[in-house]
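Enquirer: turn this into a model:
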Amino acid sequence: MIDFAHRHSAHCESGATANLLAHHGMPLSEAMAFGIGAGLFFGHFPMVKVAGLPLTTFRNFVGGIFSRVTKRLGVRMSQRRFRSEDKGMAALDEVLGQGIPVGLQAGVYWLPYFPPALRHHFNAHNLVVYGKQDGEYLVSDPNLDVAMSISAQDLVRARFAKGPLAPKGRMYWVRSAPANVDLRGPAVQGLVEVARRMTFLPVPLIGTRGMRFLARRMRCWPEWYGQRGAARHMAQLIRMQEEIGTGGAGFRFIFAAFLQETAGLLAEPRLTELSASFTAAGDAWRDLALMGARLCKGRAGQGESYVAAADLLEGLAGREDRLFREIRAMAPQLQAKAR
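Expert: Numbering: from 1, shown residues only. Below you'll find the predicted structure:
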């Protein structure tokens, strides 16, 4: 069994990344891993369906955080996918046999240690396997406060789950990490990438433009789909925001912690002020989820409607657009401080 320190995290991929690097002598907070990995994202894609409803995503593509963090920190790593379940499990045992903990992409539905109410078909979950004992694999799942174990049969089902974002046995691990790393440059790279992605890409479905696009559609949901259909669309949005991959509000809180940590690294007090602004934005996202939940259940309070929810979302888009544009404007100054 590998001596692996399990740490509970808010988000699975940034947590798994930070824990794997810590094992290799590079202590890194989850917030710093999330920020350097440019984990914050928004996209609304009506043409892509999940359970028959449009996809709204608050996270970057799965594996993106680990790839960017290791690249920006000069960490040597490996990743593999498999068509064969037997080859995938043999490769996992081989790396574990070398005393190296392994990150895995897995389907949540097939992980038996989650309560039934939380087991849904989401194939982009991340966890770390750090050994075998009594025929079961030892699992450090960043979303849980204690380490767990899982049978080989259940782990195979989770690693080779079918459907959207199918893991295909994906495994990743750290080969070696440099002894000393200056975090200032990688932190600025991650910060500027997120700000650019949220405000600069010429795609109306992504970033703050995507948030406004969703708000315009939300106003029309009752007319287009009726009350029942509108409630289904709102429930899908809330599920994507609050249940899957930590979600919109939670990511703002992690990003705020990253800004605060980076402010200390660069001695830049304005980043601390921006951190408070993103925490407030996270609170507003939670308000949107609460209003949406009441609309779904037919318990809307005074002044609560799909139009009001759309107004709240459009206000969030304007607020975050100003914050990210300010970060972009600060980029030359931050890059100079990171040198």
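
Enquirer: make it CA atoms for all contacts and neighbour counts henceforth
Expert: Will do.

Enquirer: which residues in the stretch 1-150 of the chain form strands?
Expert: Listed in chain order, the strands of the stretch 1-150 of the chain (DSSP state E, counting those that start in this stretch) span 40-50, 53-59, 76-80, 102-106, 125-133, 136-140, 148-151.

Enquirer: can I get the ones you listed in TSV including distance to Ala230?
Expert: Converted to TSV, the strands of the stretch 1-150 of the chain look like this (distance: least, CA to CA, whole Å):
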stretch	distance to Ala230
strand 40-50	14
strand 53-59	11
strand 76-80	41
strand 102-106	31
strand 125-133	28
strand 136-140	38
strand 148-151	39
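
Enquirer: quick one, which of these gets closest to Gln189.
Expert: Closest to Gln189 of those, according to CA to CA: strand 40-50, at 13.3 Å.

Enquirer: residues in contact with that closest one?
Expert: With contact meaning CA atoms under 8 Å, 6 or more residues apart in numbering, strand 40-50 is reached by 34, 53-60, 164, 194, 197-198, 205-208, 210-211, 213-214, 251-252, 255.

Enquirer: give me the buried subset of the residues you listed.
Expert: 34, 53-59, 194, 197-198, 205-208, 210-211, 213-214, 251-252, 255 (16 or more other CA atoms under 10 Å).

Enquirer: pretty sure Gln189 belongs to a helix, no?
Expert: Yes. Counting by DSSP: H, G, I helix; E, B strand; the rest coil, Gln189 falls inside a helix.

Enquirer: by contact count, what packs against the longest helix out of those in the chain?
Expert: Secondary structure of the chain per DSSP state H: the longest helix is helix 207-242. Helix 207-242 sits against strand 40-50, strand 53-59, helix 184-199, helix 247-266, helix 269-296, helix 306-338, with contacts defined as 3 or more CA pairs under 8 Å, 6 or more residues apart in numbering; DSSP states H and E.

Enquirer: okay, buried residues for that helix please.
Expert: Quick answer for helix 207-242 (16+ other CA under 10 Å): 207-216, 218-219, 221-222, 229-242.

Enquirer: same question for stretch 272-282.
Expert: The neighbour-count check on stretch 272-282 (16+ other CA under 10 Å) flags 272, 274-282 as buried.

Enquirer: got it, and stretch 314-322?
Expert: Residues of stretch 314-322 classed as buried: 314-317, 320-321 (neighbour count, 16+ other CA under 10 Å).
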